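[1] Any chance you could fold what I've pasted below:
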Amino acid sequence: MVIIRSAIFLAVIYACGAVIGWQLARQDSSQQGNFAQQLGVAELPSDPVASTEARGDQATPPSPAPENDFPRWEVTEGVEHHFGTMTISGEGAHQFKIRNVGQRPLTLKLLNTSCKCTLAQISNAEIPVGESTPVELKWTAEGRPGPFTQTAVIETNDPVRPLLRLTIKGRLAPSSLIDPTELLFTEISSGTPATAEFSLRHFILRELPQPNWKWQDASTAEYFQVEFRPLTPEELAENGVAALTGWRGIVTVRPGLPLGNFRQALLLNWPGGEIAETLIPVQGTITGAVSLVGGPNWNSDLQIYEFPEIVTREARSQGLYLLLKGDQRQVLQPRLIKAQPSFLRVEFGDPEFLTATEQTKVPVTVVVPADSPAGSHTGEGKSRAGRVMIETGIPNYPQVRIFAKFVKE
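    Next comes the predicted model:
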(Lines give C-alpha, C1' and ligand atoms only; values in the text may rest on other atoms or scores of the structure.)
Protein backbone atom coordinates (compact mmCIF):
# COMPACT_ATOMS: atom_id res chain seq x y z
CA MET A 1 0.00 0.00 0.00
CA VAL A 2 2.79 2.30 0.98
CA ILE A 3 4.62 1.34 -2.20
CA ILE A 4 1.57 2.14 -4.34
CA ARG A 5 1.16 5.58 -2.77
CA SER A 6 4.85 6.34 -3.30
CA ALA A 7 4.59 5.39 -6.96
CA ILE A 8 1.53 7.60 -7.48
CA PHE A 9 3.30 10.52 -5.78
CA LEU A 10 6.34 10.13 -8.02
CA ALA A 11 4.15 9.94 -11.11
CA VAL A 12 2.39 13.14 -10.17
CA ILE A 13 5.70 14.90 -9.55
CA TYR A 14 7.04 13.72 -12.90
CA ALA A 15 3.95 14.88 -14.72
CA CYS A 16 4.12 18.30 -13.09
CA GLY A 17 7.76 18.63 -14.09
CA ALA A 18 6.97 17.75 -17.69
CA VAL A 19 4.22 20.36 -17.80
CA ILE A 20 6.48 23.03 -16.28
CA GLY A 21 9.30 22.19 -18.75
CA TRP A 22 6.95 22.36 -21.71
CA GLN A 23 5.67 25.78 -20.58
CA LEU A 24 9.20 27.14 -20.14
CA ALA A 25 10.17 25.94 -23.62
CA ARG A 26 7.15 27.70 -25.06
CA GLN A 27 8.08 31.00 -23.43
CA ASP A 28 11.64 30.76 -24.68
CA SER A 29 10.46 30.14 -28.24
CA SER A 30 8.13 33.14 -28.02
CA GLN A 31 10.94 35.40 -26.81
CA GLN A 32 13.13 34.33 -29.69
CA GLY A 33 10.34 35.21 -32.16
CA ASN A 34 9.93 38.67 -30.65
CA PHE A 35 13.66 39.22 -30.80
CA ALA A 36 13.74 38.13 -34.44
CA GLN A 37 10.99 40.62 -35.24
CA GLN A 38 13.00 43.40 -33.60
CA LEU A 39 15.99 42.50 -35.80
CA GLY A 40 13.84 42.51 -38.92
CA VAL A 41 14.37 38.80 -39.80
CA ALA A 42 11.78 36.11 -40.19
CA GLU A 43 13.25 33.67 -37.67
CA LEU A 44 16.44 33.17 -35.76
CA PRO A 45 18.23 29.91 -36.63
CA SER A 46 18.56 27.40 -33.92
CA ASP A 47 22.12 26.66 -35.03
CA PRO A 48 23.79 29.65 -36.69
CA VAL A 49 26.85 27.76 -37.80
CA ALA A 50 24.92 24.89 -39.31
CA SER A 51 22.52 27.30 -40.99
CA THR A 52 25.38 29.23 -42.54
CA GLU A 53 26.99 26.08 -43.85
CA ALA A 54 23.68 24.98 -45.31
CA ARG A 55 23.28 28.28 -47.25
CA GLY A 56 26.81 28.25 -48.63
CA ASP A 57 27.59 31.35 -50.83
CA GLN A 58 24.18 32.87 -50.13
CA ALA A 59 25.49 34.06 -46.81
CA THR A 60 27.57 36.76 -48.63
CA PRO A 61 25.31 39.71 -49.67
CA PRO A 62 25.42 40.63 -53.43
CA SER A 63 27.69 43.54 -54.46
CA PRO A 64 25.80 46.77 -55.33
CA ALA A 65 25.63 47.84 -58.99
CA PRO A 66 28.40 50.31 -59.86
CA GLU A 67 27.35 53.95 -60.04
CA ASN A 68 26.54 55.41 -63.52
CA ASP A 69 25.90 51.98 -64.97
CA PHE A 70 23.58 53.65 -67.51
CA PRO A 71 23.88 56.07 -70.47
CA ARG A 72 24.49 59.75 -69.65
CA TRP A 73 24.61 62.67 -72.09
CA GLU A 74 26.77 65.76 -71.96
CA VAL A 75 26.79 68.76 -74.36
CA THR A 76 30.41 69.79 -74.74
CA GLU A 77 29.87 73.55 -75.17
CA GLY A 78 26.52 73.91 -73.42
CA VAL A 79 22.89 73.48 -74.41
CA GLU A 80 22.49 77.15 -75.53
CA HIS A 81 24.04 78.93 -78.48
CA HIS A 82 23.94 82.75 -78.79
CA PHE A 83 24.37 83.84 -82.42
CA GLY A 84 24.32 87.59 -81.75
CA THR A 85 22.41 89.70 -84.30
CA MET A 86 20.95 88.43 -87.57
CA THR A 87 18.99 90.14 -90.29
CA ILE A 88 15.35 89.19 -90.72
CA SER A 89 14.90 86.28 -93.19
CA GLY A 90 18.57 85.37 -92.80
CA GLU A 91 19.61 81.74 -92.26
CA GLY A 92 21.89 80.30 -89.60
CA ALA A 93 23.22 76.93 -88.41
CA HIS A 94 25.05 75.59 -85.35
CA GLN A 95 26.35 72.16 -84.35
CA PHE A 96 25.95 70.96 -80.78
CA LYS A 97 28.39 68.17 -79.77
CA ILE A 98 26.66 65.44 -77.72
CA ARG A 99 28.96 63.10 -75.75
CA ASN A 100 28.08 59.83 -73.99
CA VAL A 101 29.73 59.97 -70.55
CA GLY A 102 27.78 56.98 -69.17
CA GLN A 103 28.43 53.22 -69.12
CA ARG A 104 25.86 52.12 -71.70
CA PRO A 105 25.13 53.19 -75.33
CA LEU A 106 23.19 56.46 -75.56
CA THR A 107 20.27 56.78 -77.98
CA LEU A 108 18.90 60.05 -79.40
CA LYS A 109 15.51 60.72 -80.98
CA LEU A 110 14.16 64.10 -82.12
CA LEU A 111 10.81 64.89 -80.51
CA ASN A 112 10.01 68.38 -81.80
CA THR A 113 11.21 71.90 -82.57
CA SER A 114 9.53 75.10 -81.42
CA CYS A 115 8.98 76.42 -84.97
CA LYS A 116 8.83 75.19 -88.56
CA CYS A 117 11.61 77.68 -89.22
CA THR A 118 13.97 75.48 -87.13
CA LEU A 119 15.28 72.06 -88.24
CA ALA A 120 17.37 69.56 -86.26
CA GLN A 121 19.55 66.86 -87.80
CA ILE A 122 21.03 64.03 -85.71
CA SER A 123 24.08 62.41 -87.30
CA ASN A 124 24.04 59.22 -85.20
CA ALA A 125 20.98 57.97 -83.33
CA GLU A 126 23.14 55.80 -81.03
CA ILE A 127 26.36 56.95 -79.38
CA PRO A 128 28.77 54.32 -77.98
CA VAL A 129 30.30 54.80 -74.54
CA GLY A 130 32.87 57.60 -74.52
CA GLU A 131 32.11 58.84 -78.03
CA SER A 132 30.35 61.93 -79.42
CA THR A 133 28.07 62.92 -82.28
CA PRO A 134 27.05 66.31 -83.72
CA VAL A 135 23.45 67.53 -83.69
CA GLU A 136 22.94 70.41 -86.12
CA LEU A 137 20.24 73.06 -85.75
CA LYS A 138 19.34 75.18 -88.78
CA TRP A 139 16.99 78.12 -88.61
CA THR A 140 15.49 80.94 -90.64
CA ALA A 141 15.31 84.25 -88.78
CA GLU A 142 11.59 84.95 -89.09
CA GLY A 143 9.62 87.45 -87.01
CA ARG A 144 9.82 91.06 -85.91
CA PRO A 145 12.99 92.88 -84.89
CA GLY A 146 14.01 92.01 -81.33
CA PRO A 147 14.85 88.87 -79.30
CA PHE A 148 14.76 85.53 -81.11
CA THR A 149 14.66 82.10 -79.37
CA GLN A 150 14.07 78.64 -80.83
CA THR A 151 14.51 75.16 -79.32
CA ALA A 152 14.76 71.50 -80.29
CA VAL A 153 13.81 68.71 -77.85
CA ILE A 154 15.59 65.34 -78.11
CA GLU A 155 14.51 62.21 -76.28
CA THR A 156 17.31 60.03 -74.83
CA ASN A 157 17.58 56.78 -72.84
CA ASP A 158 19.38 58.56 -69.99
CA PRO A 159 17.17 57.54 -67.04
CA VAL A 160 18.13 60.61 -65.00
CA ARG A 161 17.71 63.23 -67.76
CA PRO A 162 15.60 61.68 -70.49
CA LEU A 163 14.98 64.94 -72.39
CA LEU A 164 17.71 67.09 -73.94
CA ARG A 165 16.65 70.65 -74.89
CA LEU A 166 18.91 72.57 -77.27
CA THR A 167 18.35 76.34 -77.59
CA ILE A 168 19.48 79.05 -80.00
CA LYS A 169 19.17 82.70 -78.99
CA GLY A 170 19.89 86.09 -80.52
CA ARG A 171 18.35 89.26 -81.90
CA LEU A 172 16.73 89.96 -85.25
CA ALA A 173 17.26 93.18 -87.14
CA PRO A 174 16.43 94.33 -90.67
CA SER A 175 19.37 94.72 -93.06
CA SER A 176 18.77 98.47 -92.86
CA LEU A 177 16.46 100.65 -90.79
CA ILE A 178 15.14 104.18 -91.30
CA ASP A 179 13.69 105.91 -88.26
CA PRO A 180 11.30 107.61 -88.50
CA THR A 181 9.96 106.49 -91.85
CA GLU A 182 8.05 109.76 -92.32
CA LEU A 183 8.77 113.37 -91.32
CA LEU A 184 5.74 115.25 -90.04
CA PHE A 185 5.78 119.00 -89.33
CA THR A 186 2.62 119.69 -87.35
CA GLU A 187 2.57 123.50 -87.72
CA ILE A 188 5.19 125.78 -89.21
CA SER A 189 4.79 129.51 -88.78
CA SER A 190 5.11 131.30 -92.11
CA GLY A 191 8.45 133.05 -92.49
CA THR A 192 10.19 130.71 -90.03
CA PRO A 193 12.35 127.70 -91.06
CA ALA A 194 11.74 124.32 -89.40
CA THR A 195 13.88 121.17 -89.21
CA ALA A 196 13.36 117.46 -88.59
CA GLU A 197 15.80 114.53 -88.55
CA PHE A 198 15.88 110.86 -89.49
CA SER A 199 18.51 108.15 -89.18
CA LEU A 200 19.52 105.39 -91.57
CA ARG A 201 21.33 102.43 -89.94
CA HIS A 202 22.77 99.37 -91.68
CA PHE A 203 23.39 96.04 -89.92
CA ILE A 204 25.36 94.16 -92.62
CA LEU A 205 27.60 96.62 -94.44
CA ARG A 206 30.52 98.04 -92.49
CA GLU A 207 30.88 100.98 -94.85
CA LEU A 208 27.98 102.83 -96.45
CA PRO A 209 28.52 105.84 -98.70
CA GLN A 210 26.45 108.97 -98.32
CA PRO A 211 23.21 108.59 -100.31
CA ASN A 212 22.30 110.50 -103.43
CA TRP A 213 18.99 112.34 -103.10
CA LYS A 214 16.34 114.39 -104.86
CA TRP A 215 12.93 115.85 -104.02
CA GLN A 216 9.96 114.11 -105.60
CA ASP A 217 7.89 117.30 -106.22
CA ALA A 218 10.12 119.58 -108.26
CA SER A 219 7.62 122.46 -108.05
CA THR A 220 8.32 123.05 -104.34
CA ALA A 221 11.84 121.57 -104.13
CA GLU A 222 13.40 125.02 -103.62
CA TYR A 223 11.73 125.24 -100.19
CA PHE A 224 13.37 122.04 -98.88
CA GLN A 225 16.95 121.27 -97.94
CA VAL A 226 18.68 118.11 -96.65
CA GLU A 227 22.11 117.55 -95.10
CA PHE A 228 23.86 114.33 -93.96
CA ARG A 229 26.42 113.40 -91.32
CA PRO A 230 27.75 109.99 -90.16
CA LEU A 231 26.13 108.45 -87.08
CA THR A 232 28.19 108.32 -83.89
CA PRO A 233 28.91 104.96 -82.13
CA GLU A 234 26.29 105.86 -79.53
CA GLU A 235 23.68 106.51 -82.23
CA LEU A 236 24.53 103.23 -83.99
CA ALA A 237 23.77 101.32 -80.76
CA GLU A 238 20.34 102.89 -80.19
CA ASN A 239 17.31 100.66 -79.50
CA GLY A 240 19.47 97.81 -78.20
CA VAL A 241 20.60 96.52 -81.63
CA ALA A 242 24.00 97.79 -82.73
CA ALA A 243 24.29 98.81 -86.39
CA LEU A 244 27.60 98.73 -88.26
CA THR A 245 27.26 102.02 -90.12
CA GLY A 246 24.73 104.75 -90.82
CA TRP A 247 23.84 108.36 -91.55
CA ARG A 248 21.81 111.13 -89.94
CA GLY A 249 19.63 113.20 -92.29
CA ILE A 250 18.54 116.76 -91.36
CA VAL A 251 15.62 118.13 -93.41
CA THR A 252 14.87 121.87 -93.35
CA VAL A 253 11.65 123.46 -94.59
CA ARG A 254 12.48 126.98 -95.77
CA PRO A 255 10.14 129.99 -95.63
CA GLY A 256 8.02 130.67 -98.72
CA LEU A 257 5.66 127.72 -98.93
CA PRO A 258 2.01 128.70 -99.30
CA LEU A 259 -0.39 128.51 -96.39
CA GLY A 260 -2.03 125.18 -95.65
CA ASN A 261 -0.87 121.61 -95.94
CA PHE A 262 2.15 120.59 -97.96
CA ARG A 263 3.36 117.20 -99.17
CA GLN A 264 6.83 116.36 -100.37
CA ALA A 265 9.03 113.24 -100.47
CA LEU A 266 12.78 112.66 -100.27
CA LEU A 267 14.13 109.97 -102.63
CA LEU A 268 17.38 108.29 -101.55
CA ASN A 269 19.60 105.95 -103.54
CA TRP A 270 23.14 104.62 -103.13
CA PRO A 271 26.00 104.11 -105.57
CA GLY A 272 26.39 100.43 -106.44
CA GLY A 273 22.81 99.58 -105.49
CA GLU A 274 23.66 97.97 -102.12
CA ILE A 275 20.37 99.37 -100.80
CA ALA A 276 17.14 99.74 -102.73
CA GLU A 277 15.86 103.23 -103.46
CA THR A 278 14.12 104.62 -100.39
CA LEU A 279 11.33 107.20 -100.17
CA ILE A 280 10.76 109.31 -97.04
CA PRO A 281 7.48 111.31 -97.05
CA VAL A 282 7.69 114.88 -95.74
CA GLN A 283 4.46 116.69 -94.90
CA GLY A 284 3.07 119.36 -92.61
CA THR A 285 1.08 122.58 -92.34
CA ILE A 286 2.08 126.21 -92.87
CA THR A 287 0.26 128.69 -90.63
CA GLY A 288 0.58 132.45 -90.44
CA ALA A 289 -1.03 135.88 -90.61
CA VAL A 290 -2.91 134.94 -93.78
CA SER A 291 -5.72 132.40 -93.91
CA LEU A 292 -8.59 131.24 -96.08
CA VAL A 293 -12.15 130.69 -94.91
CA GLY A 294 -15.11 129.32 -96.83
CA GLY A 295 -18.54 127.79 -96.81
CA PRO A 296 -19.71 124.15 -96.83
CA ASN A 297 -17.77 123.29 -99.99
CA TRP A 298 -14.45 124.41 -98.49
CA ASN A 299 -12.13 121.96 -96.65
CA SER A 300 -9.86 124.16 -94.56
CA ASP A 301 -7.61 121.27 -93.47
CA LEU A 302 -6.77 120.25 -97.04
CA GLN A 303 -7.27 123.72 -98.59
CA ILE A 304 -9.69 122.23 -101.16
CA TYR A 305 -12.78 123.77 -102.74
CA GLU A 306 -15.07 121.12 -104.25
CA PHE A 307 -17.53 122.18 -106.94
CA PRO A 308 -20.75 120.34 -106.02
CA GLU A 309 -21.99 119.59 -109.56
CA ILE A 310 -20.57 118.53 -112.90
CA VAL A 311 -19.51 121.66 -114.74
CA THR A 312 -21.33 122.13 -118.05
CA ARG A 313 -21.02 125.88 -118.29
CA GLU A 314 -19.08 128.53 -116.38
CA ALA A 315 -18.74 127.61 -112.67
CA ARG A 316 -17.77 129.94 -109.85
CA SER A 317 -16.76 129.11 -106.28
CA GLN A 318 -18.95 130.50 -103.50
CA GLY A 319 -18.11 131.93 -100.08
CA LEU A 320 -14.30 131.98 -100.21
CA TYR A 321 -12.46 134.81 -98.41
CA LEU A 322 -8.84 135.72 -97.82
CA LEU A 323 -8.13 137.07 -94.30
CA LEU A 324 -5.02 139.07 -93.38
CA LYS A 325 -4.09 140.44 -89.96
CA GLY A 326 -4.28 144.23 -89.61
CA ASP A 327 -5.56 146.87 -92.00
CA GLN A 328 -3.92 145.90 -95.31
CA ARG A 329 -6.35 147.67 -97.65
CA GLN A 330 -3.83 150.23 -98.88
CA VAL A 331 -0.98 147.82 -99.60
CA LEU A 332 -2.86 144.65 -100.57
CA GLN A 333 -2.37 143.69 -104.21
CA PRO A 334 -3.51 140.07 -104.63
CA ARG A 335 -2.79 138.34 -107.93
CA LEU A 336 -2.81 134.88 -109.49
CA ILE A 337 0.72 133.66 -110.12
CA LYS A 338 0.03 130.05 -111.20
CA ALA A 339 -2.91 127.92 -112.27
CA GLN A 340 -3.16 124.23 -113.09
CA PRO A 341 -4.83 123.51 -115.41
CA SER A 342 -3.98 126.80 -116.99
CA PHE A 343 -7.57 127.69 -117.94
CA LEU A 344 -8.55 128.26 -114.27
CA ARG A 345 -9.08 131.91 -113.30
CA VAL A 346 -9.21 133.75 -109.97
CA GLU A 347 -11.15 136.96 -109.29
CA PHE A 348 -10.72 139.21 -106.24
CA GLY A 349 -13.34 141.47 -104.67
CA ASP A 350 -12.83 144.75 -102.85
CA PRO A 351 -11.00 144.41 -99.51
CA GLU A 352 -12.92 145.17 -96.32
CA PHE A 353 -11.49 145.94 -92.86
CA LEU A 354 -13.18 144.09 -89.98
CA THR A 355 -12.86 146.27 -86.91
CA ALA A 356 -13.98 143.56 -84.46
CA THR A 357 -11.20 141.15 -85.42
CA GLU A 358 -8.73 143.68 -86.88
CA GLN A 359 -8.46 141.75 -90.12
CA THR A 360 -8.66 142.59 -93.78
CA LYS A 361 -11.19 140.47 -95.69
CA VAL A 362 -10.95 139.91 -99.45
CA PRO A 363 -13.51 137.88 -101.48
CA VAL A 364 -11.83 135.23 -103.68
CA THR A 365 -13.58 133.43 -106.56
CA VAL A 366 -12.17 130.46 -108.48
CA VAL A 367 -13.66 130.29 -111.99
CA VAL A 368 -13.96 127.30 -114.32
CA PRO A 369 -14.66 128.89 -117.75
CA ALA A 370 -17.50 127.60 -119.89
CA ASP A 371 -15.19 126.93 -122.84
CA SER A 372 -12.66 124.90 -120.81
CA PRO A 373 -11.96 121.38 -122.11
CA ALA A 374 -13.74 118.36 -120.67
CA GLY A 375 -11.91 116.35 -118.04
CA SER A 376 -11.80 115.09 -114.47
CA HIS A 377 -9.86 117.07 -111.88
CA THR A 378 -10.88 115.32 -108.65
CA GLY A 379 -7.50 114.09 -107.39
CA GLU A 380 -8.73 110.50 -107.52
CA GLY A 381 -6.88 107.74 -109.37
CA LYS A 382 -4.68 109.26 -112.09
CA SER A 383 -6.65 112.49 -111.99
CA ARG A 384 -5.05 115.54 -110.36
CA ALA A 385 -7.06 118.23 -108.63
CA GLY A 386 -6.84 121.72 -110.02
CA ARG A 387 -4.80 124.28 -108.10
CA VAL A 388 -4.19 128.02 -108.08
CA MET A 389 -1.41 129.95 -106.36
CA ILE A 390 -2.15 133.45 -105.04
CA GLU A 391 0.31 136.09 -103.92
CA THR A 392 -0.82 138.92 -101.61
CA GLY A 393 1.81 141.47 -102.68
CA ILE A 394 2.62 142.18 -99.03
CA PRO A 395 6.26 141.54 -97.91
CA ASN A 396 6.71 138.64 -95.41
CA TYR A 397 3.21 137.34 -96.16
CA PRO A 398 3.20 133.83 -97.61
CA GLN A 399 1.57 132.69 -100.78
CA VAL A 400 -1.85 131.08 -100.65
CA ARG A 401 -2.70 127.87 -102.51
CA ILE A 402 -6.22 126.68 -103.31
CA PHE A 403 -7.04 123.22 -104.64
CA ALA A 404 -10.14 122.87 -106.80
CA LYS A 405 -11.99 119.57 -107.39
CA PHE A 406 -14.33 119.48 -110.37
CA VAL A 407 -15.45 117.50 -113.41
CA LYS A 408 -15.94 119.34 -116.71
CA GLU A 409 -18.16 117.99 -119.46
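[2] shaky segments in the stretch 101-250 of the chain?
    239-241 (pLDDT under 70).
[3] which residue ranges form the helices in it?
    Ranges of helices in the stretch 101-250 of the chain, per DSSP state H, counting those that start in this stretch, are 233-236.
[4] can you check the stretch 301-409 of the chain too?
    Counting by DSSP H, counting those that start in this stretch, the stretch 301-409 of the chain contains no helices.
[5] Check the gap between the residue nearest the centre of the chain and residue 180 for me.
    Per C-alpha atoms, centre = their mean, the C-alpha nearest to the average position across the chain is that of residue 144, at 3.6 Å. Noted for residue 144: a distance of 17 Å to residue 180, by C-beta to C-beta, to the nearest Å. For glycine as for every other residue, the C-beta is placed from the backbone atoms N, C-alpha and C.
[6] Other residues contacting stretch 229-243?
    Here stretch 229-243 makes contact (C-beta atoms under 8 Å, 6 or more residues apart in numbering) with 85, 145, 171, 173, 177, 179, 199, 201-203, 244-248, 250.
[7] Try it again at 6 Å.
    Contacts to stretch 229-243, defined as C-beta atoms under 6 Å, 6 or more residues apart in numbering, come from residues 171, 173, 201-203, 246, 248.
[8] a markdown table for these, including neighbour count?
    What follows is the contacts of stretch 229-243, written out as a markdown table (neighbours: other C-beta atoms under 10 Å):
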| residue | neighbour count |
| --- | --- |
| 171 | 18 |
| 173 | 25 |
| 201 | 25 |
| 202 | 24 |
| 203 | 24 |
| 246 | 21 |
| 248 | 16 |
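[9] which of those residues lies closest to residue 108?
    Nearest to residue 108 among the contacts of stretch 229-243: residue 171, at 29.6 Å, using C-beta to C-beta.
[10] Which residue comes closest to that closest one once chain neighbours are left out?
    Nearest residue to residue 171 in three dimensions, chain neighbours excluded: residue 85, at 4.9 Å (C-beta to C-beta, 6 or more residues apart in numbering).
[11] what ranges of the stretch 251-400 of the chain fall below the confidence cut-off?
    For the stretch 251-400 of the chain, applying pLDDT under 70 flags the ranges 273-274, 381-383, 396.
[12] redo that, cut-off 90
    Low-confidence segments of the stretch 251-400 of the chain, defined by pLDDT under 90: 255-262, 270-277, 285-296, 299-303, 308-313, 317-319, 322-334, 356-359, 378-385, 391-400.
[13] Just list the residues touching residue 75, thanks.
    residue 96.
[14] Quickly note the distance from the nearest residue to residue 359 once chain neighbours are set aside to residue 394.
    Nearest non-adjacent residue to residue 359, counting by C-beta to C-beta, 6+ apart: residue 323, 5.0 Å away. Counting by C-beta to C-beta, the gap from residue 323 to residue 394 is 13 Å.
[15] Equivalent analysis for residue 272, please.
    The value you get for residue 272 to residue 394, if C-beta to C-beta is used, is 50 Å.
[16] Residue 93 - nearest residue in space that isn't next to it in sequence?
    Counting by C-beta to C-beta, 6+ apart, the residue nearest residue 93 is residue 138, at 4.5 Å.
[17] can you count the residues close to that neighbour?
    Close neighbours of residue 138, defined as other C-beta atoms under 10 Å, add up to 14.
[18] For beta bridges, what are the partners of it?
    residue 93, residue 119 (DSSP bridges).
[19] That one reaches residue 118, doesn't it?
    No. With contact defined as C-beta atoms under 6 Å, residue 138 does not count as touching residue 118 (7.2 Å).
[20] Might one say that residue 101 is in contact with residue 73?
    No. Using C-beta under 6 Å as the test, residue 101 is too far from residue 73 to be in contact (7.4 Å).
[21] Pick out whichever of those two has more residues nearby.
    Counted by other C-beta under 10 Å, residue 101 and residue 73 do not tie: residue 73 has more neighbours, with 23 against 14.
[22] isn't residue 139 right up against residue 116?
    No. Look at residue 139 against residue 116 with C-beta under 6 Å: they stay out of range, at 10.2 Å.
[23] Of these two, give the one with the bigger neighbour count.
    Under the neighbour definition other C-beta under 10 Å, residue 139 and residue 116 were set side by side, and residue 139 has more, 24 against 8.
[24] Run through the residues that contact the more buried one.
    So residue 139 contacts 92, 117-118, 150 (C-beta under 6 Å, 6+ apart).
[25] quick one: the strands in the stretch 51-200 of the chain?
    73-75, 80-87, 91-100, 106-113, 118-122, 126-127, 132-140, 146-156, 163-173, 176-179, 183-189, 194-202 (DSSP state E, counting those that start in this stretch).
[26] residues making contact with the shortest one?
    It refers to strand 126-127. 100, 105-107, 133.
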